[in-house]
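Visitor: Need a 3D model of the following:
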Amino acid sequence: MPVNLTANAITAINDGDVNLKPLVQVLDIKLIGSTQERYRLLLSDSVETQHAMLATQLNDRVKTGRVRKGSVIQLIEYICSTVQNRKIIVVLNMETIIPDCDIIGNPKGLPELDSVPPKPTPGTTSGPPSSINNNNVAAQNLRTSFGHGKSSFQNQGSNTQSFRPTVQPPYQPPPNYKNHGAIMRNEAPARIIPIAALNPYQGRWAIKARVTAKGDLRRYNNARGDGKVFSFDLLDSDGGEIRVTCFNAVVDRFYETIEVGKVYVISKGSLKPAQKNFNHLKNEWEIFLETTSSVDLCPDEDASIPRQQFSFRPISEIENAESNSILDIIGIVVTVNPSVPIMRKNGMETQRRILNLKDQSGSSIELTLWGEFCNREGQQLQETTDTGNFPILAVKAGKVNDFSGKSIGTISATQLFINPDFPEAHALRDWFDQGGKDTASHSISRDFVPGGTKNDVRKNLTQIKDEGLGRSDKPDWITVKATISFIKTDSFCYTACPLTIGDRQCSKKVTKSGNSRWMCDRCNQEFEECDYRYLLQVQVQDYSGLTWVTAFQETGEEILGCSAKELYALKYEAQDDVRFGEIIRNCLFAEFLLKLKIKEETYGDEQRVKITVVKADKVNYSDESRFLFDMVSKFHLR
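Guide: The predicted structure is shown next:
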């Protein structure tokens, strides 16, 4: 398959075009500089060649072999500087498109490449390859300008021998019609192609697709200054999907224009490899719009393009899905928990709401809604279930979490559809109404724990001691149905560091410094306000006995229904003992399903079993009844 380098790229760059983002080939690489390593490249557009200097931050591309002789690269950011009457391309950013490739075309000033030896043309007299001599004057001048050691820029002028063997017959690519001044050739509209056919080697293209999702406008700050960015996802009539991203001035052009559900014809964008850490779509590329890009709204809706595309997974299969994978699910919402405030790792507060879904596969799963999902769809789902109805929920792009079993969480790209008009939704409703409502489901979120089997996790409190749980090398994980009988209120929280280390909040205990500020020994920093995090000592009991457990931040909020900071303010700042007492009393003698981690730890010279609550859910008596009936039926079958 022939590869098309960008026609006239060298000429355009020498004329000052820095927006072309051309495809070029690396013909030669030289390491220069005695005090600081710099790499000099010889670039080709298949006809002309030009010397280039690689920015030092890109040196690793050469050292790791991602860029080598013969590589086809795309220049993303670059400038063309004149050094002693000689133009040099300075490459600031680039992407490797093809790591290894034979020499393309018949470029002038072709060097002797060890990795790509020239092939003599049949019928010609074999002779020595073209010698490309050093231009000593230019090399000396560049040593002065760049401050590096010996340089050997090759002379492409009169010193080159007149004979040079033909490498391969030149491939004449189609013209690259771009609006770049003198090289503009044609303004005829580009031919519409499927999204699946997009690739970086095309000159002009256009796609017609529907916007299925639009991200929020985000602002950022880096070494280059402040900026803004947003993305949206496209779907075409052939089922192809791709993400489109806009930065800064391009955001101002298109953010208000783009509407979810509308159909657009998009052209004159650039393609780059998709960043799979942030892009869940099944496409190796994503589109970056530029100031010259075109986004035209189609007046007709084009019924051939679907509104959305799903790839639903049965809930039972999610038990074996990889953590952090992105997938689609659909299920009946059987329970909706209240929304609670949660302190994020970056110190900012957000909302969290937990739902439970079940489907025909015989399994159920927890779905965690974050942020605005809690107030929009979450509130609607809670109001519906409170009336005794059970809505269907389709989740597009949910993220798999494997903490204490498998669960699904929302991310910025997630979309929720309540009672959608899908064939899968109609089939699910029929199943539920015809008996699925009363069918017991195996929860892959609550009944499955790391290191244990799926059916032996529900235990009573006496079994913790009788079976010696927690005394092996690995912790034991169990679920108990228990009542909270007492909560210690004299020390229910601690003062914590609010600073972020990497992507996590420090949360180490902090102390007051002499000037009434807070000091963290771990971060070695002072700050005006600290955070407050739960450290609850809770007594729980069931029909078999009682024990003490510890609940930290998230589980403390699940038990008490408010944050540690709010409870601290009531008790010590507002001194509202009445409201404080109500919050505590509302939790007493309430039944919870508690997920417990049990592990023996050493305190001084004493071995002690520590029981930690990793999840606390108020008992849903409808679900619990189904669970007990299912257990009875299993026992009867024995």
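Visitor: the strands in the stretch 301-450 of the chain, which residues?
Guide: Here the stretch 301-450 of the chain has its strands, by DSSP state E, counting those that start in this stretch, at 326-336, 340-343, 349-358, 363-370, 392-401, 407-409, 415-418, 442-443.
Visitor: May I see those arranged in a markdown table, with mean neighbour count, mean pLDDT and distance to Leu297 as well?
Guide: Backbone N, C-alpha and C define where each C-beta goes, glycine included. Shown next, in a markdown table, are the strands of the stretch 301-450 of the chain (neighbours: other CB atoms under 10 Å; pLDDT from 0 to 100; distance: least, CB to CB, whole Å):
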| stretch | mean neighbour count | mean pLDDT | distance to Leu297 |
| --- | --- | --- | --- |
| strand 326-336 | 21 | 92 | 28 |
| strand 340-343 | 18 | 76 | 39 |
| strand 349-358 | 21 | 88 | 35 |
| strand 363-370 | 24 | 90 | 32 |
| strand 392-401 | 21 | 91 | 23 |
| strand 407-409 | 23 | 91 | 34 |
| strand 415-418 | 18 | 92 | 21 |
| strand 442-443 | 22 | 82 | 46 |
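Visitor: These: which one's closest to Val263?
Guide: strand 415-418 (17.9 Å; CB to CB).
Visitor: The closest one pairs with which strands, parallel or anti?
Guide: If you go by DSSP bridges, strand 415-418 pairs up with strand 392-401 (antiparallel).
Visitor: Next, the angle strand 349-358 makes with the partner strand.
Guide: 120 degrees (axes from the mean of the first three to the mean of the last three CA atoms, to 10 degrees).
Visitor: angle of strand 392-401 against strand 326-336?
Guide: Angular relation of strand 392-401 and strand 326-336 on a 0 to 180 degree scale: 120 degrees, by the same axes, to 10 degrees.
Visitor: For strand 392-401, C-alpha coordinates in PDB please.
Guide: Taking C-alpha atoms only, strand 392-401 is exported to PDB below (Å, rounded to 0.1, in the frame of the first residue of the first chain):
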ATOM      1  CA  ILE A 392     -35.600   0.700  33.100                       C
ATOM      2  CA  LEU A 393     -32.200   2.400  32.900                       C
ATOM      3  CA  ALA A 394     -29.800   2.200  30.000                       C
ATOM      4  CA  VAL A 395     -26.200   3.200  30.800                       C
ATOM      5  CA  LYS A 396     -23.900   4.300  27.900                       C
ATOM      6  CA  ALA A 397     -20.200   4.300  28.800                       C
ATOM      7  CA  GLY A 398     -20.200   3.200  32.400                       C
ATOM      8  CA  LYS A 399     -16.800   2.500  34.100                       C
ATOM      9  CA  VAL A 400     -16.200  -0.900  35.800                       C
ATOM     10  CA  ASN A 401     -14.900  -0.800  39.400                       C
END
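Visitor: still on that earlier bit, tell me which of the strands of the stretch 301-450 of the chain lies nearest to Leu536.
Guide: Distances from Leu536 to each of those were compared using CB to CB; the shortest belongs to strand 340-343, at 14.7 Å.
Visitor: Identify the neighbouring strands of the closest one in the sheet and state each direction.
Guide: Paired strands of strand 340-343, with direction, are strand 349-358 (antiparallel) (DSSP bridges).
Visitor: Name the residues that touch the partner strand?
Guide: 315, 329, 331-344, 364-375, 378, 381-382, 393, 436, 441, 443, 445, 563, 617, 620, 623 (CB atoms under 8 Å, 6 or more residues apart in numbering).
Visitor: one more time with 6 Å, if that's ok
Guide: Surrounding strand 349-358, the residues in contact under the criterion CB atoms under 6 Å, 6 or more residues apart in numbering are 331-337, 339-344, 364-371, 374, 378, 441.
Visitor: just stretch 67-83 next, same as before
Guide: Residues lying outside stretch 67-83 but in contact with it, judged by CB under 6 Å, 6+ apart, are 3, 13, 22-23, 25-26, 29, 61, 87-101, 113, 115-116, 142, 145.
Visitor: on that earlier part again, with distance to Lys595 added, can I get the strands of the stretch 301-450 of the chain in CSV?
Guide: Output for these, formatted as CSV (distance: least, CB to CB, whole Å):
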stretch, distance to Lys595
strand 326-336, 16
strand 340-343, 17
strand 349-358, 13
strand 363-370, 11
strand 392-401, 14
strand 407-409, 12
strand 415-418, 26
strand 442-443, 11
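Visitor: among the ones you listed, which is nearest Thr257?
Guide: Across the strands of the stretch 301-450 of the chain, Thr257 has its closest neighbour in strand 415-418 (20.3 Å, CB to CB).
Visitor: Keeping just the C-alphas, turn that closest one into PDB.
Guide: Taking C-alpha atoms only, strand 415-418 is exported to PDB below (Å, rounded to 0.1, in the frame of the first residue of the first chain):
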ATOM      1  CA  GLN A 415     -25.100   8.900  29.300                       C
ATOM      2  CA  LEU A 416     -28.200   7.700  31.200                       C
ATOM      3  CA  PHE A 417     -31.600   6.800  29.400                       C
ATOM      4  CA  ILE A 418     -34.600   6.300  31.600                       C
END
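Visitor: quick one: it to chain centroid distance?
Guide: Distance of strand 415-418 from the chain centroid (CA atoms, centre = their mean, to the nearest Å) equals 20 Å.
Visitor: cool, stretch 525-537 as well?
Guide: Taking the mean C-alpha point of stretch 525-537 and that of its whole chain, the gap between them comes to 30 Å (CA atoms, centre = their mean).
Visitor: what sits up against that stretch?
Guide: Under the contact criterion CB under 6 Å, 6+ apart, stretch 525-537 has outside partners 488, 492-496, 498, 510, 513, 517-519, 551-553, 556, 564-565, 568.
Visitor: repeat that for 7 Å
Guide: Stretch 525-537 is contacted from outside by 343, 347, 487-488, 492-499, 507, 510, 513, 517-519, 548, 550-553, 556-557, 559, 564-565, 568, using CB atoms under 7 Å, 6 or more residues apart in numbering.
Visitor: low-scoring stretches of the stretch 1-150 of the chain, by residue?
Guide: Low-confidence segments of the stretch 1-150 of the chain, defined by pLDDT under 70, are located at 1-2, 33-36, 83-84, 109-150.
Visitor: Could you pull out the helices in it for me?
Guide: For the stretch 1-150 of the chain, the helices defined by DSSP state H, counting those that start in this stretch cover 9-14, 59-63, 136-146.
Visitor: quick one: buried residues of the second one?
Guide: Yep, that's helix 59-63 we're talking about. Residues of helix 59-63 classed as buried under the neighbour-count rule (16 or more other CB atoms under 10 Å) are Asn59, Arg61, Val62.
Visitor: Counting by contacts, list what it packs against.
Guide: If contacts are counted by 3 or more CB pairs under 7 Å, 6 or more residues apart in numbering; DSSP states H and E, helix 59-63 sits against no helix or strand.
Visitor: ok, now with 10 Å
Guide: Packed against helix 59-63, as judged by 3 or more CB pairs under 10 Å, 6 or more residues apart in numbering; DSSP states H and E, are the following elements: strand 23-32, strand 38-44, strand 86-98.
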